[in-house]
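> predicted model and sequence follow; I will ask about them next.
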Amino acid sequence: MYLDELWKEKEKLLNKEITVHGWVKNHRPQKEFGFIDFSDGTDFKHLQIVYDNSLNDFNEIVTIKNGSSILVTGILQKSEGKGQEVELKASSIKVIGACDDTYPLQPKHHSLEFLRTIGYLRPRANLFQAVFRIRSLAALAIHEYFGSHGFVYFHAPLITASDCEGAGEMFQVTTMPLEKLKGEVDYKKDFFGKRTNLTVSGQLQAETFATAFSKVYTFGPTFRAENSNTKTHASEFWMIEPEIAFCDLEEIMNVMEESLKYIVSYVLEHAPDELKFLDQFQEHGLIQKLQNLVESKFTRVTHEEVITILKNAKESWTFPPEYGCDIQKEHEKYITEYFKGPVFITNWPKDIKAFYMKQNEDGKTVAAVDLEVPSAGELMGGSQREEDYDKLYSRMVELHMNTEELEWYLNLRKYGTVPHSGFGMGFERLLIYLTGVENIRDVIPYPRTPGSCDF
């Protein structure tokens, strides 16, 4: 049986014979008996296996190495030791797959940098057992929240001919022999007959579905060819991107707040053991931080008001705050401390935001919003989309964008246009917040970063 089943039924299974299969996390053989720290990965809690020299193959059992897979039969009994309620008194221990002394994961401290070099084994380490179980639970919570609120789950294409953000940092997709290409490339000869790339966002396509289903969301991988080696950037990452028709900026902030609180609450409820471990070994106060977010009132303040607060603060800024400019990490930290909780910053300067955002009547700002949370900074970003054809077209021309390539997007404003809004949240950035793990490379199973594409 699997350990997740055992822990649910442990009272019924007491003093009964059971059989389990899994891996040796740590083996402590003694002269006449031994202890095996055992896990099959189905639950964060481990099971202690106890055996003694009454077993016929005792001399072979004491030689079992850490990392070996084993099949164990025995009687589940109350534990006499500390740290576990029950233990398995083994009557039989059989090796399924042996390990030797070269097994890299030994019961000692391993650096995160070292564990990245053995990415195919690091899911067995306790830290990553916690992190990736929380990743799974958070993904489930996302689907449960949006599914239970009537959203249609839309699968955005990964290969696209459009650049949603207009930054040009896209991975090109081609079947042409790169080693033979010289001079100007004729993309009509390529597989799709035009230049295509890996998507940086499913938002534009999601907008088309929102005008058919009203409430949709995407949740999938996106790609950014940005040569950045920070702790929060990766070349391949997942995004949650809801899109809602007949929805303005105020209403989308309601969804942002409610969905985030739901996800955090779900993880708090369903991953107590994992969070206790991470609170102890990764970020002290993690659980309290998450509980505080769930109980917090999210403040709403404009970008202009934020800059005024920052300018009036008696701080020695590394980057002095300015009207019309973006804010920095130090500003994000100050503003969440100032309001003592999460902060929605709205109505951003038009010139530093994307082309598709709704232009406000002042002609200087757009109906955009970023959510700043304590200790993490920006976690979500969204906007009301520009539903007026002429305004959107003029903005695209102003930015020297190819309006012909995005004619289909413009046409949404010709055929039954409606006010609509949406937001995006980087899944890995959320996981950094949920787990206390600082580096994005350690919340993605196989991170893809500049100069690194292992496994």
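Arrived safely. Numbers count the residues shown, from 1 in each chain.

> OK, contacts around Pro177?
With Cβ atoms under 8 Å, 6 or more residues apart in numbering as the criterion, no residue contacts Pro177. Placement of C-beta: from N, CA and C, glycine included.

> from His27, how far off is it?
Pro177 is 53 Å from His27, where distance means Cβ to Cβ, to the nearest Å.

> and what of Phe44?
Here Phe44 is placed at a distance of 20 Å from His27 (Cβ to Cβ).

> then Leu260?
From Leu260 to His27 the distance is 43 Å (Cβ to Cβ).

> try Lys194
59 Å.

> try Gly147
44 Å.

> try His149
Distance, His149 to His27, using Cβ to Cβ: 49 Å.

> more neighbours: these two, which one.
Between His149 and His27, counted using other Cβ atoms under 10 Å, His27 has the larger neighbour count: 21 against 14.

> and the helix or strand hosting that one, which strands flank it?
His27 is part of strand 17-29, with elements assigned from DSSP states H and E. Taking DSSP bridges as the criterion, strand 17-29 sits next to strand 33-39 (antiparallel), strand 69-78 (antiparallel) in its sheet.

> of those strands, which approaches Met357 most closely?
strand 33-39 (48.3 Å; Cβ to Cβ).

> send the alpha carbons of the closest one over as CSV?
Extracted in CSV, the C-alpha atoms of strand 33-39 (Å, rounded to 0.1, in the frame of the first residue of the first chain):
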residue,chain,number,x,y,z
PHE,A,33,18.6,-4.3,15.0
GLY,A,34,18.2,-1.4,12.6
PHE,A,35,16.0,1.5,11.6
ILE,A,36,15.1,2.6,8.1
ASP,A,37,13.6,6.1,7.4
PHE,A,38,11.3,5.2,4.6
SER,A,39,9.2,7.1,2.1
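
> after that strand, which helix or strand is next?
Downstream of strand 33-39, the next assigned helix or strand under DSSP H and E is strand 47-52.

> so how far is that following strand from its chain's centroid?
37 Å (Cα atoms, centre = their mean, to the nearest Å).

> again, but for stretch 178-187
With Cα atoms, centre = their mean, you get 37 Å for stretch 178-187.

> any residues touching it, and which ones?
Around stretch 178-187, the neighbours that count as contacts under Cβ under 8 Å, 6+ apart are Met176, Gly193, Lys194, Arg195.

> cutoff 6 Å now
Here stretch 178-187 makes contact (Cβ atoms under 6 Å, 6 or more residues apart in numbering) with Lys194, Arg195.

> buried ones in it, by neighbour count?
Within stretch 178-187, the residues that count as buried by 16 or more other Cβ atoms under 10 Å are Tyr187.

> for the record, mean pLDDT for it?
For stretch 178-187, the mean per-residue pLDDT is 86.

> repeat for stretch 319-333
Taken as a whole, stretch 319-333 carries a mean pLDDT of 95.

> gap between the two ends of that stretch?
End-to-end span of stretch 319-333 (Cα to Cα, to the nearest Å): 13 Å.

> list the buried ones in it?
Buried-residue list, stretch 319-333, by 16+ other Cβ under 10 Å: Pro321, Ile327, Gln328, Glu330, His331, Glu332.

> filter the residues you listed down to the ones in strands?
Using DSSP state E, the subset of the buried residues of stretch 319-333 located in strands is empty.

> could those residues be laid out in a markdown table, adding distance to Phe132?
What follows is the buried residues of stretch 319-333, written out as a markdown table (distance: Cβ to Cβ, whole Å):
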| residue | distance to Phe132 |
| --- | --- |
| Pro321 | 38 |
| Ile327 | 33 |
| Gln328 | 32 |
| Glu330 | 32 |
| His331 | 33 |
| Glu332 | 28 |
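
> of those residues, closest to Pro272?
After measuring the buried residues of stretch 319-333 against Pro272 - Cβ to Cβ - the closest member comes out as Glu332, at 29.5 Å.

> so who does the closest one touch?
Contact partners of Glu332, counting by Cβ under 6 Å, 6+ apart, are Glu372, Gly377.

> could you measure from it over to Asp326?
Applying Cβ to Cβ, the value for Glu332 to Asp326 is 10 Å.

> residues near Glu226, how many?
Glu226: 15 surrounding residues under other Cβ under 10 Å.

> was I right to think it contacts Glu169?
Yes. Between Glu226 and Glu169 a contact is recorded at 4.7 Å, counting by Cβ atoms under 6 Å.

> all helices of the stretch 251-400 of the chain, in order?
272-281, 286-295, 303-312, 329-338, 389-398 (DSSP state H, counting those that start in this stretch).

> could those go into TSV alongside distance to Asp100?
Shown next, in TSV, are those (distance: least, Cβ to Cβ, whole Å):
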stretch	distance to Asp100
helix 272-281	28
helix 286-295	37
helix 303-312	59
helix 329-338	47
helix 389-398	62
